[in-house]
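Engineer: Prediction below, plus the sequence it came from.
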Amino acid sequence: AQSVTQPDIHITVSEGASLELRCNYSYGATPYLFWYVQSPGQGLQLLLKYFSGDTLVQGIKGFEAEFKRSQSSFNLRKPSVHWSDAAEYFCAVGAQGNTGKLIFGQGTTLQVKP
Amino acid sequence: EAGVTQFPSHSVIEKGQTVTLRCDPISGHDNLYWYRRVMGKEIKFLLHFVKESKQDESGMPNNRFLAERTGGTYSTLKVQPAELEDSGVYFCASSQAGRAPYGYTFGSGTRLTVV
């Protein structure tokens, strides 16, 4: 069965430091991969997505993610974290059949220290 | 354009009561999805409408949950009777026809607490 694993439930980084949030997926074919962010009181906002092509994907707010098929990973990175990046981050994979259904990981809560 | 709107934003009800959640998708979006996040676990798919038809309801947990989409516009999700384990955040999302899952827009969610 398809699944998404985000190994880190909570991560704390200092403002200005680099960030990497891990995501591993289980999927038989080439996956559609997504990263969403949820700030307090807000809905889920799409940061970036991967469907095919260049394995390094650029998103909004200075985020990027790299698809590594050999590792079944789609880690999210940002070179310099801002205090406003404190939020919960979700990795998701599009379900087989391209129905629009998404399978999410458990989420990673990011805390940013001043 | 207006985003996906969910009502209410919060609801606290007693076990055994009925609650109805509403989702207004972006105008013109044929696809409408319901998801739920329970107790800090992963967000899970509940069901998918295409216009007024249920395309996939494989994620509905049991027959206490009833989803409708009147005239292919707004959707309601009724829980009757509510149980303690139904507490969580219910998200709605919509997308244009033929673009799922690329054009998802999520609402802010309804936080349901059953006491």
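Structural biologist: Cool, the structure landed.
Engineer: Please name the strands paired to the host helix or strand of B:Phe91 in the sheet, noting orientation.
Structural biologist: Using DSSP states H and E, the element containing B:Phe91 is strand B:88-95. Take DSSP bridges as the rule and strand B:88-95 pairs in its sheet with strand B:31-37 (antiparallel), strand B:105-106 (antiparallel), strand B:110-114 (antiparallel).
Engineer: Residue in chain A with the shortest distance to chain B?
Structural biologist: A:Gly100 (2.8 Å; C-beta to the nearest C-beta). For the C-beta atoms, the positions are set from N, CA and C on the backbone; glycine is no exception.
Engineer: interface residues of chain A facing chain B?
Structural biologist: Contact residues, chain A versus chain B (C-beta under 8 Å from any C-beta of the partner chain): A:4, A:32, A:34, A:36, A:41-46, A:49, A:51, A:90, A:92, A:94-95, A:98-107.
Engineer: for the most centrally placed residue in chain A, what are its contacts?
Structural biologist: Geometric centre of chain A, nearest residue: A:Trp35, 3.5 Å, by C-alpha atoms, centre = their mean. Applying C-beta atoms under 8 Å, 6 or more residues apart in numbering or on different chains to A:Trp35 gives the contacts A:21, A:23, A:46-49, A:59, A:63, A:65, A:74, A:76, A:89-92.
Engineer: Just list the residues touching A:Phe74, thanks.
Structural biologist: A:Cys23, A:Asn24, A:Tyr25, A:Leu33, A:Trp35, A:Tyr50, A:Ala65, A:Glu66, A:Phe67, A:Lys68, A:Cys91.
Engineer: quick one, what contacts the nearest residue to A:Phe90 once chain neighbours are set aside?
Structural biologist: Leaving aside its sequence neighbours, A:Phe90 sits nearest to A:Tyr36 (C-beta to C-beta, 6 or more residues apart in numbering or on different chains; 4.5 Å). The neighbourhood of A:Tyr36, defined by C-beta under 8 Å, 6+ apart, consists of A:Leu44, A:Gln45, A:Leu46, A:Leu47, A:Tyr89, A:Phe90, A:Ala92, B:Phe106.
Engineer: and if you look at A:Ser70?
Structural biologist: A:Ser70 touches nothing, counting by C-beta under 8 Å, 6+ apart.
Engineer: Doesn't it belong to a helix?
Structural biologist: Yes - counting by DSSP: H, G, I helix; E, B strand; the rest coil, A:Ser70 falls inside a helix.
Engineer: Now do the strands in chain B.
Structural biologist: Assigned by DSSP state E, the strands in chain B fall at B:5-7, B:10-13, B:19-24, B:31-37, B:43-50, B:53-56, B:65-69, B:75-79, B:88-95, B:105-106, B:110-114.
Engineer: can you check chain A too?
Structural biologist: Under DSSP E, chain A gives strands at A:3-5, A:10-14, A:19-21, A:24-26, A:33-38, A:44-50, A:56-58, A:64-68, A:73-78, A:87-94, A:102-104, A:108-113.
Engineer: Lowest-scoring secondary structure element of chain B by mean pLDDT?
Structural biologist: Lowest by mean pLDDT, DSSP states H and E among the helices and strands of chain B is strand B:105-106, with a mean of 90.
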